[in-house]
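Enquirer: Sequence first, predicted coordinates after that:
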Amino acid sequence: MKNDHVLWEPPISAPRPLSVLLHNPPLTEPRMCGVHGAYVAQCHFGTCWSRCPTCAAADRIDERQREVRAAQCHVAEAWQRRLGRAGIPLRFQDRTLDRFVVTHVAQERALCFARAYVAQFDQVLTTGRSAIFVGKPGTGKTHLAAGIGLALMARHYHVLFLTVLRALRLVKDTWSRGSEWTESEVVARLARPDLLILDEIGMQFGSRTEENILFDVLNERYESRRPTLLISNLVVDEVRDVMGERIWDRLREDGGDIVTFDWVSYRGKL
Ligand SMILES: [Zn+2]
């Protein structure tokens, strides 16, 4: 007797073997590409026909170029993040040593110093040999210092660039209640980079407290043989006065170099 509740049952059929869908040899058919004209399309499997070979090749090249662009973008973004962390000021982020304009022999000497400092940086790190750039504003001191920093960053050294006022502020901020950092943590942070570039030496108040902070930072760096590059618009004797004898002696002890930028302003010549 027929069961009335079962209205319909799907027919039981065996799954089609893959070999049924494979065309061997492949099917071929003349087709027309709107851009490249006639081509022979092939079908190896099911109803999947090949596209115009020229269009397909162009798509593969586009895809490859997209991948290359994405990779370049990724590298550029990573470099921008490193520049941000290194604190290189925005307008100095493209001031490489190669872009330093040399018009006379004193500039050539300064540039040679910068190139040698970068080239010998492994050795610089064994002695902690610091350097001081002094000279009038607009003579390219910050450009050369940034150029050194950028060249070292490209060689994967850790560089930190900041004004002396900012460095002092970072330390002084730890004295306020609720500060996220302790003073020794900030000093350690300033002591850690392979090269610390301190700009605008002489812009600080020159108080005993500031001298002590600077001494702590530079002494910590000195102890771990890490060099510091100081930049100042003052003349050498004035730099020594604002830094204090102790710091000055520390800087000079390991053969720290003084590079004098004694030519007229260079701004506007870039
Ligand atoms: Zn085509």
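Expert: Arrived safely, thanks for sending.
Enquirer: how far away is the residue nearest to H36 when sequence neighbours are not counted from the ion?
Expert: Closest residue in space to H36, ignoring its immediate chain neighbours: T54 at 4.3 Å, by Cβ to Cβ, 6 or more residues apart in numbering. (Glycine included, C-beta is placed from N, CA and C.) From T54 across to the ion, the span is 5 Å (Cβ to the ion, to the nearest Å).
Enquirer: Please apply the same query to T182.
Expert: To the ion, T182 is 67 Å away according to Cβ to the ion.
Enquirer: show me the contacts for that residue.
Expert: T182 makes contact with T174, according to Cβ atoms under 8 Å, 6 or more residues apart in numbering.
Enquirer: what are the phi and psi angles of it?
Expert: Dihedral angles of T182 (phi, psi; degrees, to the nearest 10) stand at phi -90, psi 160.
Enquirer: Neighbours of whichever residue of the stretch 151-270 of the chain sits closest to the ion, how many?
Expert: Nearest residue of the stretch 151-270 of the chain to the ion, counting by Cβ to the ion: A154, 43.3 Å away. A count of neighbours around A154, defined by other Cβ atoms under 10 Å, yields 12.
Enquirer: Same question for the one 10 residues further on.
Expert: The local packing count at V164 equals 23, with neighbours defined by other Cβ under 10 Å.
Enquirer: repeat for the one 4 residues further on
Expert: If you count neighbours by other Cβ under 10 Å, L168 ends up with 21.
Enquirer: The residue of the stretch 151-270 of the chain closest to the ion and I148, how far apart?
Expert: For A154, the distance to I148 equals 11 Å [Cβ to Cβ, to the nearest Å].
Enquirer: swap in S50?
Expert: S50 sits 57 Å away from I148, taking Cβ to Cβ as the criterion.
Enquirer: Understood, closing this out.
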